[in-house]
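Engineer: Let's see this in three dimensions:
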Amino acid sequence: MEKKFAEIIINLPAKNLPETLVYSIPEELKGEVKPGALVLVPLKNRLVTGFVCRLQKQSFLPYHQPINSVIDKDFLSEKSFLLAEWISNYYLEPYHLALRLFLPPAKFIKVETYLSLPEKPSTKSKEYK
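Structural biologist: The predicted structure follows:
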C-alpha cells in the first residue's frame with residue numbers, strides 16, 4: 001500500500017505546537033517526500049519549513065493540509081533521525097529539540113514574502129491639480 005501521509009516536525013520554536021503534524025502528500029510530490037526531506041507546509045495563515053520524520057499509509061482524520069513543496073529531499077540522513085530519536089527517548093527530550101542538534105545554524109530556514117509594485121503606472125490614472 002502506498003504511503004499518502006507524512007509526519008512533519010515544524011521548524012519553529014513554539015512550545016504550544018505538537019511534536020509532529022501530519023500532512024498529505026500530493027501526487028506530484030510522491031517521489032520526493034521521504035524521511036529527512038526539508039519541506040514547505042501551511043500552518044495557520046503562513047508557510048513554514050519542516051522536516052519529514054515518518055511516512056504513513058493512513059490517518060484517522062478525514063482531511064489534512066497538503067505539503068506545499070519540497071525544498072531539499074536529502075536534507076537530513078536516516079541515521080540522523082534514528083540518533084535524534086534515541087537521544088529523545090534516552091534523555092526524555094522532545095524529538096524536535098533533539099533533531100535540532102543535527103542542523104547547522106544557517107539551516108534554520110525562514111520563509112520571507114516580498115511584494116513588488118508594477119513598473120509602469122496605470123494609464124487610467126487621473127492627474128489632479
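Engineer: Report the distance from the helix or strand Phe51 falls within to the chain centre.
Structural biologist: Taking DSSP states H and E as the definition, one finds Phe51 inside strand 46-56. In terms of C-alpha atoms, centre = their mean, to the nearest Å, the centre of strand 46-56 is set 3 Å apart from its chain centre.
Engineer: and that strand, which strands flank it?
Structural biologist: Strand 46-56 has the following strand partners under DSSP bridges: strand 5-10 (antiparallel), strand 38-43 (antiparallel).
Engineer: Return the most buried member of the ones you listed.
Structural biologist: Relative to the other members of these, strand 5-10 carries the highest mean neighbour count by mean count of other C-beta atoms under 10 Å, namely a mean of 22. From N, CA and C alone the C-beta is placed, and that goes for glycine too.
Engineer: which residues sit against that strand?
Structural biologist: 17, 19-25, 33, 39, 41, 43, 48-59, 64, 67, 95-96, 99 (C-beta atoms under 8 Å, 6 or more residues apart in numbering).
Engineer: Now that strand: average pLDDT?
Structural biologist: With pLDDT averaged residue by residue, strand 5-10 scores 89.
Engineer: and if you look at stretch 76-84?
Structural biologist: Taken as a whole, stretch 76-84 has a mean pLDDT of 86.
Engineer: Leaving out sequence neighbours, find the closest residue to the residue most central in space within the chain.
Structural biologist: Among the residues of the chain, the smallest C-alpha distance to the mean C-alpha position (C-alpha atoms, centre = their mean) belongs to Gly50, namely 2.6 Å. Counting by C-beta to C-beta, 6 or more residues apart in numbering, Ile8 is the residue found nearest to Gly50 once chain neighbours are left out, at 4.1 Å.
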